[in-house]
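Would you be able to build a 3D model of this:
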Amino acid sequence: MSKKLRNKLSPAFIWTEIMSVIKGGSTSQNYISNVLPRHIYEKEKNITITRKEARVVYWVYLQYESWKIQSNAFDFLDVVGHILYYTKRHVGFWAYWKKSIQIDYLIVDEV
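This next block holds a predicted model:
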């Protein structure tokens with residue numbers, strides 16, 4: 001990666017893109033695994049960054065996910081996705097009690 005591209009795509013910028021767009025965007029939960037697909041991310045990001053830069057950001061995201069799997073780790077949005085997955089399908093504790101769950105909003109304060 002060139003120095004110019006490294007400066008523009010700082011670790012903080014890439015982390016923000018992953019957590020607030022690719023995995024944590026308002027439409028991410030509409031896709032498989034609660035992740036914005038690469039082709040949609042590249043199309044949506046063409047205003048703020050180029051398509052080439054978007055490819056780099058998404059590649060870093062894929063490397064991050066691969067590292068998490070190899071390390072048997074998870075991040076905060078994996079936990080949120082897990083909660084949404086199980087509450088949408090009414091399994092586990094709630095299925096035992098035969099209660100229906102509807103979540104309109106999930107607000108998390110990162111303190």
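
any idea whether residue 105 is helix, strand or coil?
coil (DSSP: H, G, I helix; E, B strand; the rest coil).

Next: residue 66.
Recorded secondary structure, residue 66: helix (three-state DSSP).

and it, how many neighbours?
10 (other CB atoms under 10 Å). No exception for glycine: its C-beta is placed from N, CA and C like everyone else's.

Same question for residue 36.
The burial count for residue 36: 24, using other CB under 10 Å.

which residue is nearest the middle of the protein?
residue 23 (1.0 Å; CA atoms, centre = their mean).

Next up, phi/psi of that residue, please.
phi -100, psi -30 (degrees, to the nearest 10).

Let me know the pLDDT of the closest residue to it other than its chain neighbours.
Of all residues not flanking residue 23 in the chain, residue 77 sits nearest, at 4.5 Å (CB to CB, 6 or more residues apart in numbering). On pLDDT, residue 77 comes in at 89.

How about residue 46?
58.

can you check residue 70 too?
96.

sorry, back to before: the residue nearest to the centre of the chain against residue 35, yeah?
Yes: assessed by CB atoms under 8 Å, residue 23 is found in contact with residue 35 at 5.7 Å.

one step back: and the helix or strand containing the residue nearest to residue 23, which residues are buried?
If you go by DSSP states H and E, residue 77 is part of helix 76-89. Within helix 76-89, the residues scored as buried using 16 or more other CB atoms under 10 Å are 77, 80, 81, 87.

Against residue 27, how distant is the first one?
As defined by CB to CB, to the nearest Å, residue 77 lies at a distance of 14 Å from residue 27.

The second one too?
In this view, residue 80 and residue 27 are 15 Å apart by CB to CB.

Repeat that for the third one.
Relative to residue 27, residue 81 is positioned 14 Å away (criterion: CB to CB).

With the last one instead?
With the distance defined as CB to CB, residue 87 ends up 19 Å from residue 27.

same question, residue 11
Taken as CB to CB, the span from residue 11 to residue 27 is 25 Å.
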